[in-house]
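**Student:** have a look at this fold, sequence not included:
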């Protein structure tokens, strides 16, 4: 169950990272409220997951899921680059996440 909580914490991290783009520097009320709610959900789920998972593993996977998800969202939503080195770098992050999961 902790791994599932951690995965959803990472997804909420993606949500708040995307939300930051839409807040326009926290000047738009609805996107700001939704972004702050996603931040709270992400941190809350991370905290719950850390009850059973090692700190370093949980934090690294949380940030990794957030990073990979945010890169993918940037490509899909904002037309960001899919340059080869960028995709190779994302692949390396995913490889590291799998390594952490397997070793825990």
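**Tutor:** Perfect, I can see it now. Note that this is a predicted model, so its numbers are computed, not measured. Numbers count the residues shown, from 1 in each chain.
**Student:** read off the pLDDT value for residue 101.
**Tutor:** Listed pLDDT for residue 101 reads 87.
**Student:** before we move on, which element is it in?
**Tutor:** Using DSSP states H and E, residue 101 maps to helix 84-103.
**Student:** outside of that helix, which residues touch it?
**Tutor:** Identification of contacts with helix 84-103 by CB atoms under 8 Å, 6 or more residues apart in numbering yields 3, 57, 60, 61, 64, 65, 67, 68, 71, 72. From N, CA and C alone the C-beta is placed, and that goes for glycine too.
**Student:** from those residues, pick the one nearest residue 15.
**Tutor:** residue 65 (11.6 Å; CB to CB).
**Student:** so how far is the helix or strand hosting the closest one off the chain centroid?
**Tutor:** Under the criterion of DSSP H and E, residue 65 resides in helix 55-78. Put simply, helix 55-78 sits 3 Å off its chain's centre (CA atoms, centre = their mean, to the nearest Å).
**Student:** could we number from 3 for the rest of this?
**Tutor:** Got it, the first residue is 3 from now on, which makes the last one we talked about helix 57-80.
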